[in-house]
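1. Predicted coordinates and the sequence they were generated for:
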Amino acid sequence: MNTGAKIKAYIESKGITQSFLSKRAGVQAASLNQSLNGSRRLPLDEYERICWALEVPADTFLEPHPPA
């Protein structure tokens, strides 16, 4: 599951709307929707603002990668 899908599942489980998250994080609603639905890559700065808006640690939705 990609990062956007994890955020989408999280906000749905908490009853948070994309509109609310968009306003709180300062991310355009259309861009947020595209990122959460996998049709747009989620930029790091937006990811950080989303985590801040949700009051979760920045690593909440990330998957660890094995060492190279």
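-> All right, it came through fine. In this text, all values refer to a predicted model and were calculated from it rather than measured experimentally.

2. In contact with residue 61: list those residues for me.
-> 3, 6, 7, 10, 47, 51 (Cβ atoms under 8 Å, 6 or more residues apart in numbering). Backbone N, C-alpha and C define where each C-beta goes, glycine included.

3. Please name the spatially closest residue to residue 2 (chain neighbours excluded).
-> residue 38 (5.9 Å; Cβ to Cβ, 6 or more residues apart in numbering).

4. That should have said residue 29, apologies.
-> residue 22 (4.3 Å).

5. separation between that neighbour and residue 2?
-> Separation of residue 22 from residue 2 (Cβ to Cβ, to the nearest Å): 19 Å.

6. how about the residue nearest to residue 2, secondary structure?
-> Under DSSP: H, G, I helix; E, B strand; the rest coil, the three-state class of residue 38 is coil.

7. Please tell me I have it right and it contacts residue 4.
-> Yes. Contact criterion Cβ atoms under 8 Å: residue 38 and residue 4 qualify, at 5.7 Å.

8. So for those two, which sits in the more crowded spot?
-> residue 4 (22 against 14; other Cβ atoms under 10 Å).

9. quick one, what contacts the residue nearest to residue 2?
-> 2, 4, 5.

10. Just those residues: which are in strands?
-> Among the contacts of residue 38, no residue falls in strands (DSSP state E).

11. out of residue 22 and residue 2, which sits in the more crowded spot?
-> Between residue 22 and residue 2, counted using other Cβ under 10 Å, the more crowded position is residue 22 (18 against 15).
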